[in-house]
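Visitor: only the shape, not the letters, is given here:
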């Protein structure tokens, strides 16, 4: 405790009087750097600083001078409206006069008509199809189905046979007509009045192989189902002599 009292009770006046001033230190001149406003750049943002990017191209560049002159020229051109007269407008394409046109005759090649030229002057072809004939009463498709189911012998033979083309061509009469379709020989005589295309068309294949004509005329028809009750035999090649 005595040590602390002696510490706080030091005579500051005596200690201060013992310090002699150093004249050389007071007379020493301090070198202070000169301050310039333009050198101040501490990186801090100020209220008046502009953060917008620099102009591109530069204000005094040749590119900006050229663009300004061209924009001024275009503005002057746009400021002057240009009105075309009737003679300067594009005339409509010439249309052939109806008085000079002939029905069915296409326009000349040099014509600038907007209409599509006719490709041909011939009438359109009639679609190739088989015309149906008027069947007699009692000879419709349902009547033919009933006839097949009646149990009558529509084959004309007792057993199936192997029939060569030489034998097939002998059965070419209306009362005895055979034909071959897809390798099977049928007796078409009972079916003649039921044929939708008429008896004449069906007789074209009597006594010969009618597969090609059948396919060209009505390939969608199932001959096996239509003429199953009239099956006579199978078409075979001619026996070797």
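Guide: Arrived safely. What you are looking at is a predicted structure, and each value in this text was computed from that prediction instead of being measured. Numbers count the residues shown, from 1 in each chain.

Visitor: residues in contact with residue 145?
Guide: By Cβ atoms under 8 Å, 6 or more residues apart in numbering, the contact set of residue 145 is empty. For the C-beta atoms, the positions are set from N, CA and C on the backbone; glycine is no exception.

Visitor: hey, which helix or strand in this protein has the poorest pLDDT?
Guide: Lowest mean confidence among the helices and strands of the chain (mean pLDDT, DSSP states H and E): helix 12-18, at a mean of 47.

Visitor: where does the residue nearest to residue 208 when sequence neighbours are not counted land on pLDDT?
Guide: Closest residue to residue 208 apart from its sequence neighbours, by Cβ to Cβ, 6 or more residues apart in numbering: residue 169 at 6.2 Å. Per-residue pLDDT puts residue 169 at 95.

Visitor: close enough to count as contact, residue 169 and residue 209?
Guide: No. Assessed by Cβ atoms under 8 Å, residue 169 is found out of contact with residue 209, at 9.8 Å.

Visitor: please work out how many residues are found near the residue nearest to residue 208.
Guide: 13 (other Cβ atoms under 10 Å).

Visitor: how about the one 3 residues further on?
Guide: Residue crowding around residue 172 was assessed by other Cβ under 10 Å; the count is 15.

Visitor: cool, the one 5 residues further on as well?
Guide: The burial metric for residue 177, expressed as a neighbour count using other Cβ under 10 Å, is 21.

Visitor: now swap in residue 154 and tell me
Guide: Neighbour count for residue 154, taken as other Cβ under 10 Å: 20.

Visitor: low pLDDT regions in the chain?
Guide: Within the chain, the segments meeting pLDDT under 70 span 1-58, 61-82, 84, 86-88, 92-131, 241.

Visitor: try 90
Guide: Applying pLDDT under 90 to the chain flags residues 1-136, 196-198, 216-221, 239-241.

Visitor: ok, residue 207 to residue 142 distance?
Guide: Distance from residue 207 to residue 142, counting by Cβ to Cβ, to the nearest Å: 29 Å.

Visitor: more neighbours: these two, which one.
Guide: The neighbour comparison of residue 207 against residue 142 (other Cβ under 10 Å) goes to residue 207, with 19 against 8.

Visitor: just checking, that one touches residue 168?
Guide: Yes. With contact defined as Cβ under 8 Å, residue 207 reaches residue 168; the gap is 6.2 Å.

Visitor: hey, what's in contact with both of these two?
Guide: 178-179.

Visitor: who does the residue lying closest to residue 227 once chain neighbours are set aside form a beta bridge with?
Guide: Spatial nearest neighbour of residue 227, excluding adjacent residues (Cβ to Cβ, 6+ apart): residue 186 at 4.4 Å. Residue 186 has these beta-bridge partners by DSSP bridges: residue 179, residue 231.

Visitor: contact partners for residue 186?
Guide: For residue 186, the contact set (Cβ under 8 Å, 6+ apart) comprises 178-180, 223, 227, 230-232.

Visitor: buried ones among those residues?
Guide: The neighbour-count test (16 or more other Cβ atoms under 10 Å) marks 178-180, 223, 227, 230-232 as buried among the contacts of residue 186.
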